[in-house]
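Colleague: Let's see this in three dimensions:
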Amino acid sequence: MKEFIEKMPKAELHVHIEGTLEPELSFALAQKNKVALKAKSPEEMINAYDFYDLPSFLDIYYAGMSVLIEEDDFYQLTMAYLKRAAAQNIVYVELFFDPQAHTIRGVHFDTVISGIHAAQKDAHSEIGIESQLILCFLRDMSAESAMEHLNMAEPHLDKLIGVGLDSDEKNNPPLKFAEVFSKARMWGLKLTMHCDVNQNNTLEHIRQVIEDIKVDRIDHGVNILESDALCELAKSKGLGLTVCPVSNKFVVQSLTSKELKKMLQQGLLPSINSDDPSYFRAYLNENLIALQEEGQFSKEDLVTLVANSFKTSWLSESRKLEYLDTLTRYSETVAVA
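Modeller: As a prediction, this is how the structure comes out:
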């Protein structure tokens, strides 16, 4: 099953580009940009990845960004991830980036998005991996800051497919950002929001993202299973849920394999994603392999989870069908060892 997973053509819809910053690149950029790091080696940095909930993770995540300063830093970061993704037979990615985490450090918005976009273009032409970009707002910052950054993005709308919402969910409900997301929708951008696992008021937040914000997709969203009404609502709208098993394990001590099986049984559309793979030490293949080992998913279940990634992506319908056809041919011709 491991080889079947590794060679399967896949899509990834929930990966934060800043969360792909590997320690080796971090050290190289720190040296170039003369940024002091607490750790003395990449190994020491990995050993310091001690997080047990969302806030403890975010502290380490934001500290790690200090080395990203110049346009080429963002280019190197993005290219490194896309090369690794292509090596895992990921053919399509929708990338998150967090511009507020950079502008607050004095890095210009244009610097960030230009570096990322250049790498996306080069990776597509050089290694064939297709990708699109999602601007994420930090929910523990103000709605005014989010609107300011949406306006910064206006000259770059051709580089964006959608907007998202991430960071600390506590006391930061989706409705706080209703005006920003309404404007983004008017500009033709797709909408998604994080509903992290086991957060305060999680069911109300899931309700808000579906009924009030009217998102096109939900990130995480595992707690939706606690409400039959919300499950039916999500199904009626064909909303995908981008689940991140290894990331979940740091919060709920399991890869949520039981929950994912229940989602499939109920006709929901979960997909598997890596979230912040450098920090959780697991990219997409590692997430799928660990999930299969914990939950003993069948070949058909795994193909369904991967197909859901393409189905709930923001590709054109014709591109979705092309990728789904490739996946179907693979699953029909490759046996599971």
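Colleague: Look up how far residue 217 lies from the residue nearest to residue 237 when sequence neighbours are not counted.
Modeller: Residue nearest to residue 237 in three dimensions, not counting chain neighbours: residue 210, with 6.8 Å by C-beta to C-beta, 6 or more residues apart in numbering. Backbone N, C-alpha and C define where each C-beta goes, glycine included. Between residue 210 and residue 217 the distance is 11 Å, computed by C-beta to C-beta, to the nearest Å.
Colleague: More neighbours: those two, which one.
Modeller: Using other C-beta atoms under 10 Å as the criterion, residue 210 and residue 217 rank with residue 217 on top: 28 against 22.
Colleague: Might one say that that one is in contact with residue 190?
Modeller: Yes: with contact defined as C-beta atoms under 8 Å, residue 217 reaches residue 190; the gap is 7.5 Å.
Colleague: any chance you could map the strands in the stretch 201-337 of the chain?
Modeller: 217-220, 240-243, 269-272 (DSSP state E, counting those that start in this stretch).
Colleague: which outside residues touch stretch 16-35?
Modeller: 36-37, 39, 41-43, 45-46, 61, 64-70, 73-74, 76-78, 80-81, 84, 95-98, 101, 116, 136, 166, 275-279 (C-beta atoms under 8 Å, 6 or more residues apart in numbering).
Colleague: can you tell me the distance between the two ends of that stretch?
Modeller: Terminal residues of stretch 16-35 lie 22 Å apart, using C-alpha to C-alpha, to the nearest Å.
Colleague: and it, which residues are buried?
Modeller: 16-23, 25-27, 29-30 (16 or more other C-beta atoms under 10 Å).
Colleague: shared neighbours of residue 210 and residue 217, anything?
Modeller: If you check residue 210 and residue 217 against C-beta under 8 Å, 6+ apart, the residues they both contact are residue 239.
Colleague: Pull up the distance across stretch 270-278, start to finish.
Modeller: Terminal-residue distance, stretch 270-278 (C-alpha to C-alpha): 22 Å.
Colleague: which sections of the stretch 51-200 of the chain are below the confidence cut-off?
Modeller: Applying pLDDT under 70 to the stretch 51-200 of the chain flags no residue at all.
Colleague: 80 instead?
Modeller: Confidence mapping of the stretch 51-200 of the chain against pLDDT under 80 gives the ranges 51-52.
Colleague: For it, which segments are assigned as helices?
Modeller: Listed in chain order, the helices of the stretch 51-200 of the chain (DSSP state H, counting those that start in this stretch) span 54-64, 71-87, 100-103, 109-127, 143-153, 178-186.
Colleague: Out of the ones you listed, which gets nearest to residue 255?
Modeller: Closest of the helices of the stretch 51-200 of the chain to residue 255 is helix 54-64, at 16.5 Å (criterion: C-beta to C-beta).
Colleague: picking that back up, do you know which of the helices of the stretch 51-200 of the chain lies nearest residue 329?
Modeller: helix 71-87 (19.2 Å).
Colleague: buried sites along that closest one?
Modeller: Across helix 71-87, burial judged by 16+ other C-beta under 10 Å covers 71, 73-82, 84-86.
Colleague: which one of those is nearest residue 231?
Modeller: Closest to residue 231, out of all of the buried residues of helix 71-87 and judged by C-beta to C-beta, is residue 85, at 30.7 Å.
Colleague: From what I see, that closest one and residue 11 are in contact.
Modeller: No: under the criterion of C-beta under 8 Å, residue 85 makes no contact with residue 11, lying 9.8 Å away.
Colleague: Find the residues that touch each one of the two.
Modeller: Joint contacts of residue 85 and residue 11 (C-beta under 8 Å, 6+ apart) are residue 93.
Colleague: Looks like residue 261 contacts residue 294 (just checking).
Modeller: No: assessed by C-beta under 8 Å, residue 261 is found out of contact with residue 294, at 10.6 Å.
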